[in-house]
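>>> Sharing a sequence plus its predicted fold:
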Amino acid sequence: MEKSSELSIHGTLSPALVQLAEHTSRYIEVGLSGAANTVKAYAGDWKRFGLWCDEHGLDPLPASVDTLAGFVTHLAETDKKVATIQRHCAAVAKAHVLRGIDSPTDDKKFKVLMEGIARVKGVRQKQAPAFTLANFKRTVKSIDGKTLAGLRDRVIMLLGFTGAFRRSELAALNIEDLSFSEEGLIVNLAKSKTNQYSAAEEKAIFYSPDFKLCPIRTLEAWIKRLERTTGPVFVSFRKGERLTERRLTDKHLNLIVQRYLGPKYSAHSLRASFVTVAKLAGADDSEVMNQTKHKTSEMIRRYTRLDNVRQHNAAQKLGL
């Protein structure tokens, strides 16, 4: 009986199976690499580790436990934060895993070293601060919505806050992701940090009676100025406020938020402030998670910025 043409005759793989093997390798690499922003961060950290190894005549791949221990000690002694050191370790581990090599980060003695660094330096991570609702309202109303740049920036502020968007999600928004109705706006997220598999995920945006604070009507006015029905929502300008179709990056969004709120804030403050303001208004974790798309209540607690001890304090409810 004649063998299938898909199989090899002399024990070698057929072209079809070779192609399948190549696709399999690509899927595995994408699966191991993670989100695009993570890959970018790891690339910079891995490069820094490689340069340090070159400087000291050491091999970065495979890296010995002593090599990585020396590198993280160097980072700690040069006042790098614990989170930064941990990210570098993750980059080194990822590089080893992608090549099927055991990572020095798995060594028990190395883990003890990292625990010691964390204890000495502390693990408190700097977080984007939240703003008060009153301050946000004043700031948004002060933006000149009659100019094209002002209208765009007002939309970024309002949509970013009411939708609890990550800045990468705002940057990736396309007009075709928006569904307007009398009830409000539904934003379809194609992919996000916690939705790497492009599962259906939506955010609901609601009308405000104050036009200057209404994210939907402000967004509609902005889209009308774009004069198109597809493509990026947030774009840059040429001189003279001439529109382009160049998508704003998350760095541009960060600068825009800081322009209005001040340098201590960031685009992430829009998201953190949504959580804080919603919790102070009495929203439960499930309601907040429905908008932020966080997976656990623990993440909501991490995002809630209640620096004032008088805020959200049970001592107010003792009835004395």
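Arrived safely. Since the structure is predicted, the reported quantities are computational estimates derived from the model, not experimental observations.
>>> domains for this protein, by residue range?
Using automatic domain parsing, the domain parsing of the chain gives 15-121, 133-303.
>>> Dump those to a markdown table, plus mean pLDDT and mean neighbour count.
Where you see a C-beta, it was placed from the backbone N, CA and C, and this is true even at glycine. Shown next, in a markdown table, are the domains of the chain (pLDDT from 0 to 100; neighbours: other CB atoms under 10 Å):
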| stretch | mean pLDDT | mean neighbour count |
| --- | --- | --- |
| domain 15-121 | 83 | 14 |
| domain 133-303 | 90 | 16 |
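>>> So the nearest residue to residue 226 once chain neighbours are set aside versus residue 57, what's the distance?
Once flanking residues are discounted, residue 226 sits nearest to residue 243: 6.8 Å by CB to CB, 6 or more residues apart in numbering. According to CB to CB, to the nearest Å, residue 243 stands 54 Å off from residue 57.
>>> Also residue 274?
In terms of CB to CB, residue 274 sits 50 Å off from residue 57.
>>> just residue 89 next, same as before
21 Å.
>>> So which residues of this protein form strands?
In the chain, the segments counted as strands under DSSP state E are 178-181, 184-189, 201-205, 235-238, 242-247.
>>> okay if I get the ones you listed as TSV plus distance to residue 78?
Output for those, formatted as TSV (distance: least, CB to CB, whole Å):
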stretch	distance to residue 78
strand 178-181	46
strand 184-189	39
strand 201-205	40
strand 235-238	36
strand 242-247	36
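>>> Of all those strands, which one is nearest residue 157?
strand 201-205 (13.2 Å; CB to CB).
>>> Tell me the strands beside that closest one, with direction?
strand 184-189 (antiparallel) (DSSP bridges).
>>> For the strand it pairs with, output the C-alpha coordinates as PDB.
Output of strand 184-189 as PDB, limited to C-alpha atoms (Å, rounded to 0.1, in the frame of the first residue of the first chain):
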ATOM      1  CA  GLY A 184     -23.900  55.000  26.800                       C
ATOM      2  CA  LEU A 185     -20.800  53.700  25.200                       C
ATOM      3  CA  ILE A 186     -19.300  50.200  25.000                       C
ATOM      4  CA  VAL A 187     -15.600  49.900  24.300                       C
ATOM      5  CA  ASN A 188     -14.400  46.600  23.000                       C
ATOM      6  CA  LEU A 189     -10.900  45.700  24.000                       C
END
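>>> Contacts for that strand next, please.
163, 169, 173, 177-179, 195, 200-207, 215-216, 219, 293 (CB atoms under 8 Å, 6 or more residues apart in numbering).
>>> if we go to 10 Å?
159, 162-163, 165-166, 169-170, 172-174, 176-180, 195, 198-207, 215-217, 219-220, 233, 293 (CB atoms under 10 Å, 6 or more residues apart in numbering).
>>> Go ahead and confirm the residue nearest to residue 226 touches residue 234.
No - Residue 243 is beyond contact range of residue 234, at 11.2 Å (criterion: CB atoms under 10 Å).
>>> hey, what's in contact with both of the two?
With CB under 10 Å, 6+ apart as the test, residue 243 and residue 234 both reach 152, 226.
>>> Nearest to residue 262 among the strands of the chain would be which one?
strand 235-238 (22.4 Å).
>>> What are the contacting residues of the closest one?
Strand 235-238 is contacted from outside by 148-149, 152, 226, 243-249, 252, using CB under 10 Å, 6+ apart.
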